[in-house]
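**Student:** no sequence for this one, just the structure:
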């Protein structure tokens, strides 16, 4: 059994929807997209961090999925008590000889 059959982590993704609060200010509502989905989180490489920094985007982790997770920059991923904002749309990645996986770049937020 390979890593693609048994990803080492699980995560939950929620979509942030902005609405107007009762006092006129903005209010975020989180809607679950998926829960306990298998994934694999790794620290972003220096090259990936630099590539994103050139676009004024801060990242510190990448998360791999076995299929397109359907996430974008308005989504938040929760894993092991960490809250991570999605900073890139999913893209196919065939690195490390694992076959094709889908990768998103994220920035961890301290609560």
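**Tutor:** Sure, I can see it. Given the structure is predicted, the values throughout are model-derived calculations rather than measurements.
**Student:** output the contacting helices and strands for the lowest-mean-pLDDT helix or strand in the chain.
**Tutor:** Least confident element among the helices and strands of the chain, by mean pLDDT, DSSP states H and E: strand 91-93 (a mean of 84). For strand 91-93, the helices and strands in contact under the criterion 3 or more CB pairs under 8 Å, 6 or more residues apart in numbering; DSSP states H and E are strand 101-109. (Glycine included, C-beta is placed from N, CA and C.)
**Student:** give the pairing partners of the strand it packs on; include direction for each.
**Tutor:** If you go by DSSP bridges, strand 101-109 pairs up with strand 61-65 (antiparallel), strand 82-86 (antiparallel), strand 91-93 (antiparallel).
**Student:** buried deepest among these, which one?
**Tutor:** With neighbours defined by mean count of other CB atoms under 10 Å, none of the strands paired with strand 101-109 is more surrounded on average than strand 61-65, at a mean of 22.
**Student:** give me the next element, helix or strand, following that one.
**Tutor:** Per DSSP states H and E, strand 61-65 leads on to strand 75-79 as the next helix or strand towards the C-terminus.
**Student:** that next one: partners in the sheet, and parallel or antiparallel?
**Tutor:** Looking at strand 75-79 with DSSP bridges, its partner strands are strand 9-20 (antiparallel), strand 82-86 (antiparallel).
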